[in-house]
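Visitor: Everything below, folded, please.
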Amino acid sequence: MKTWIAAAALSVMASVGVAGDAGITQVKAAGDVSSTMDALEAAVTGAGAQVFARVDHAGGAKAVGEDLAPSQLLIFGNPKLGTPAMQDDALAGLFLPLKVLVYRDGDGQVWLAYESPAKTFEGLSGVPADAAYVQTMTGALAKLTGKASGM
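Guide: Residues are numbered from 1 along each chain as shown. This is a model prediction of the structure:
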């Protein structure tokens, strides 16, 4: 049993990376950008959050005659989580709603990426790093991207 738990933990750790001090978490995905984004959107709405926009960066580039690897951004949130942050510091509204990028890298690997809420709000004096809503947002992002990754 201990071996199985250790193997499962290593598997998860191998599929999640953190980009240093930037506070960006990257989660390896099994599918292509579009299907991974569909899975993320379904996970977000299934969790009771609201999707505000789905931005197709590659589609935008193509519209102006440029080439860009598949890349989409999902903008979503839950006012029950975001409102307290903005009550603590109105400038939190510059960083909300939450965002997750799904993109294909130069090696063909698809990733989900997001900035940690603690890092996002770091420069705001009114938002405590240990605020319950920051921890809840952090957990939600991990759970949603993990579910959407298909790993």
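Visitor: so how far is the lengthiest helix in the chain from its chain's centroid?
Guide: Counting by DSSP state H, the longest helix found in the chain is helix 132-149. Centre-to-centre, helix 132-149 and its host chain are 8 Å apart (Cα atoms, centre = their mean, to the nearest Å).
Visitor: Give me the spatial nearest neighbour of residue 81, chain neighbours excluded.
Guide: Spatial nearest neighbour of residue 81, chain neighbours left out: residue 133 (5.1 Å); criterion: Cβ to Cβ, 6 or more residues apart in numbering. For glycine as for every other residue, the C-beta is placed from the backbone atoms N, C-alpha and C.
Visitor: show me what contacts the one you found?
Guide: Neighbour list for residue 133: 81-82, 84-85 [criterion: Cβ atoms under 8 Å, 6 or more residues apart in numbering].
Visitor: now do 6 Å
Guide: If you count contacts by Cβ atoms under 6 Å, 6 or more residues apart in numbering, residue 133 has them with 81, 84-85.
Visitor: So residue 44 sits against residue 78, correct?
Guide: No. Applying Cβ atoms under 6 Å as the test, residue 44 and residue 78 come out as separate, 9.2 Å apart.
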